[in-house]
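> When you get a sec, could you give me coordinates for this:
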Amino acid sequence: MAINLETLSPAELQALIANAQSQMQAAHVNHVNEVRAKIDTLLKKGGLTLADVYPTRGGKGAKGPKSVVAPKYRNPENATQTWAGRGKRPTWFVEALKKRGVTAESLLIDGTPKAAPAKAVKKTTAKKAAARKGTKTSARKKA
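Numbering: from 1, shown residues only. This is a model prediction of the structure:
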C-alpha cells in the first residue's frame with residue numbers, strides 16, 4: 001500500500017493528511033479504550049478501585065486533608081480582606097506598605113506588634129536621645 005507522494009497534487013496531499021490524522025485519532029481512542037478495559041479487569045480481580053491505586057492529591061491520602069491557616073494580617077480599609085502571611089503578598093498588603101507610617105506589624109490582626117527585646121529598645125532610645133541632644137547643641141552654637 002505504498003503511495004507515491006511525489007505524484008500527488010497539493011489538494012490530494014491535504015486530503016491524505018486529513019485522512020491520516022483522523023485515522024490516528026481513531027487508533028488512539030481505540031488504544032485508550034483497550035487499556036481502560038485491561039485496567040478495569042485487573043482492578044476487579046484485585047478487589048480495588050482506581051482511587052485505592054492512585055490516591056488523589058490533597059484528598060484522602062496518607063497526609064490527610066490540608067489544614068487551614070488562620071489569617072495573620074487584615075486590610076485596614078476593608079476588614080473582609082485578610083492574609084495568612086504565606087505565599088505571594090496580596091495587592092492590598094503591598095499597597096498598604098507603600099503608605100507612610102504603615103508597617104507589616106501595624107497590619108497584624110491583633111493590632112499589637114511583637115515587642116522587641118528590652119535591651120534593644122533601650123539602646124535605640126539612648127542613641128536617638130544622644131542624636132537629638134547633639135543636633136540641638138550644634139544648632140544653639142550656630143545661633
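
> For the chain, just list every one of the helices.
Assigned by DSSP state H, the chain shows helices spanning 10-46, 50-53, 91-98, 118-142.

> Any buried residues in the third one, and which?
Neighbour counts using 16 or more other CB atoms under 10 Å place 92-93, 96 of helix 91-98 among the buried residues. In short, each C-beta sits where N, CA and C put it, glycine included.

> What of the second one?
Taking 16+ other CB under 10 Å as the neighbour-count basis, helix 50-53 is seen to contain no buried residue.

> Output that helix as PDB, nothing but the C-alphas.
Only the C-alpha atoms of helix 50-53 are listed here, as PDB (Å, rounded to 0.1, in the frame of the first residue of the first chain):
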ATOM      1  CA  LEU A  50      -8.700   3.300  40.900                       C
ATOM      2  CA  ALA A  51      -8.700   5.600  44.000                       C
ATOM      3  CA  ASP A  52      -7.000   2.900  46.000                       C
ATOM      4  CA  VAL A  53      -4.200   2.500  43.500                       C
END
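
> on contacts alone, who are the packing partners of that helix?
Helices and strands touching helix 50-53, by 3 or more CB pairs under 8 Å, 6 or more residues apart in numbering; DSSP states H and E, are helix 10-46.

> what's around residue 107, how many residues?
For residue 107, the count of nearby residues is 21 (other CB atoms under 10 Å).

> thought it was touching residue 74?
Yes: between residue 107 and residue 74 there is a contact under CB atoms under 8 Å: 6.6 Å.

> which one of the helices of the chain has the lowest average pLDDT?
Among those, helix 118-142 has the lowest mean pLDDT, at a mean of 59.

> got the contact list for residue 4?
Counting by CB atoms under 8 Å, 6 or more residues apart in numbering, residue 4 touches no other residue.

> Any figure for the gap between it and residue 69?
Distance, residue 4 to residue 69, using CB to CB, to the nearest Å: 67 Å.

> again with residue 106
According to CB to CB, residue 106 and residue 69 sit 21 Å apart.
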